[in-house]
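Chemist: just to be clear, the model below is a prediction. Sequence and coordinates:
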Amino acid sequence: DQQVKQNSPSLSVQEGRISILNCDYTNSMFDYFLWYKKYPAEGPTFLISISSIKDKNEDGRFTVFLNKSAKHLSLHIVPSQPGDSAVYFCAALGGYSNSGYALNFGKGTSLLVTP
Amino acid sequence: DTGVSQDPRHKITKRGQNVTFRCDPISEHNRLYWYRQTLGQGPEFLTYFQNEAQLEKSRLLSDRFSAERPKGSFSTLEIQRTEQGDSAMYLCASSPLAGGLITDTQYFGPGTRLTVL
């Protein structure tokens, strides 16, 4: 069962505008969330994370928001740049057979930033 | 470059053959993870080591799969009698041990792309 869901398989945004990528989760035991960026034929690259004790974390152009009551998080990229074009994965820690170590990934959202 | 490295980057094999992949984690990281990613999916957890001890195995890790980390440094993942369904990207990740906390970011290697013909 998919415990982390990214319901938008793709997103297209103009350069300079805001990109908003969304993620929902079902397991209330998740308490640490991460976003990874992935280019074709490469491994995922860590982007930003947030602990469940926070509702916002910011790093440069990237901000992650967490709404625990809605079991929803989002990644904002402002301003978007063509180099941001990649697949973005949302991941949550915990939830597998009481293991706190297995990252649970969504299926990813492919972001295309057009000039 | 002191990131996670994996070897080989690509492997093509015939059904029924055995294959072995290697992962070298970031040197000061004592946690090591294996994941598998198929087309259109996110990575799926396979197994986890803390130092040389294999502490967790996914139900995805059938009897044909075995992973080792003999000296707590590099790790190998072997698949015996490969099947076409094993075709995937095999990803290795590592993270540091920070006082036993589980909120450690996992850093991924470039992956090994396996194609089983």
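Modeler: The structure has been received and is ready for your questions. Residues are numbered from 1 along each chain as shown, chains lettered A, B, ... in the order given.

Chemist: for the residue in chain A that chain B sits nearest to, give me its contacts.
Modeler: With C-beta to the nearest C-beta as the measure, the residue in chain A that lies nearest chain B is A:F105; the distance is 2.9 Å. C-beta coordinates here come from the backbone N, C-alpha and C atoms, glycine included. Neighbouring residues of A:F105 by C-beta atoms under 8 Å, 6 or more residues apart in numbering or on different chains: A:V4, A:Y36, A:F89, A:C90, A:A91, B:Q41, B:G42, B:P43, B:E44.

Chemist: hmm, A:W35 and the third one touching each other?
Modeler: Meaning A:F89. Yes: A contact is recorded between A:F89 and A:W35 when judged using C-beta atoms under 8 Å, the distance being 7.1 Å.

Chemist: from the contacts of A:F105, which would you call buried?
Modeler: Among the contacts of A:F105, those that count as buried by neighbour count (16 or more other C-beta atoms under 10 Å in any protein chain shown) are A:V4, A:Y36, A:F89, A:C90, A:A91, B:G42, B:P43, B:E44.

Chemist: how close does the first one sit to A:K107?
Modeler: This means A:V4. As defined by C-beta to C-beta, to the nearest Å, A:V4 lies at a distance of 9 Å from A:K107.

Chemist: again, but for A:S52
Modeler: The span separating A:S52 from A:K107 equals 22 Å under the rule C-beta to C-beta.

Chemist: and what of B:L32?
Modeler: Using C-beta to C-beta, one obtains 25 Å as the distance from B:L32 to A:K107.

Chemist: these two - which one has more neighbours?
Modeler: Neighbours around B:L32 and A:K107, counted as other C-beta atoms under 10 Å in any protein chain shown, are more numerous at B:L32. The numbers are 28 against 16.

Chemist: what's near enough to touch the more buried one?
Modeler: So B:L32 contacts B:C23, B:P25, B:Y48, B:F49, B:R69, B:S75, B:C92, B:A93, B:S94 (C-beta under 8 Å, 6+ apart).

Chemist: who's in contact with the second one?
Modeler: What that stands for is B:P25. The contact partners of B:P25, by C-beta under 8 Å, 6+ apart, come to B:V4, B:L32, B:S73, B:F74, B:S75, B:C92, B:S94.

Chemist: now do the fifth one
Modeler: Contacts were defined as C-beta under 8 Å, 6+ apart; by that measure B:R69 touches B:L32, B:F49, B:N51, B:E52, B:Q54, B:S75, B:T76.

Chemist: go through those and flag which are in strands.
Modeler: Using DSSP state E, B:L32, B:F49, B:Q54, B:S75, B:T76 are the members of the contacts of B:R69 that sit in strands.
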